[in-house]
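S.K.: sequence? don't have it. structure:
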């Protein structure tokens, strides 16, 4: 991969991880019943994106960052309530010039609660 934007070599298989406890600001309550707050899909997507950045952004040279440009096959499979922990794993599965593709899975305990394919592009911020 050429372009001068790498501090180290970015390769398939690199991983990022993120673990977070669900707080009220990450939830939605569609029933209106007290206690029915669960992790919202937009919040799950934001956590997945952050996890992808954790996998590779630290390897970029100064003056470069990544921006998301696609989310494919996203599924939010199960609810996660306030106080429960969510663990997200992103694996870099494709490097094509300045474009990076990640496979992401989210878990609450051993249960898979979400998945997605996320694509990011390396850009200059200078």
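M.R.: The structure has been received and is ready for your questions. This structure is a prediction, so every number in the text was calculated from the model and none was measured.
S.K.: Residue 68 versus the spatially most central residue of the chain, what's the distance?
M.R.: What sits nearest the mean C-alpha location of the chain, by CA atoms, centre = their mean, is residue 48, with 1.9 Å. Distance of residue 48 to residue 68, given as CB to CB, to the nearest Å: 10 Å. (Glycine included, C-beta is placed from N, CA and C.)
S.K.: intersection of neighbour lists for those two?
M.R.: Residues touching both residue 48 and residue 68 (CB atoms under 8 Å, 6 or more residues apart in numbering): residue 118.
S.K.: Count the residues that sit near the nearest residue to residue 30 once chain neighbours are set aside.
M.R.: In space, not counting the residues next to it along the chain, residue 30 is nearest to residue 36; the distance is 7.5 Å by CB to CB, 6 or more residues apart in numbering. Look at residue 36: counted by other CB atoms under 10 Å, it has 13 neighbours.
S.K.: Thank you, goodbye.
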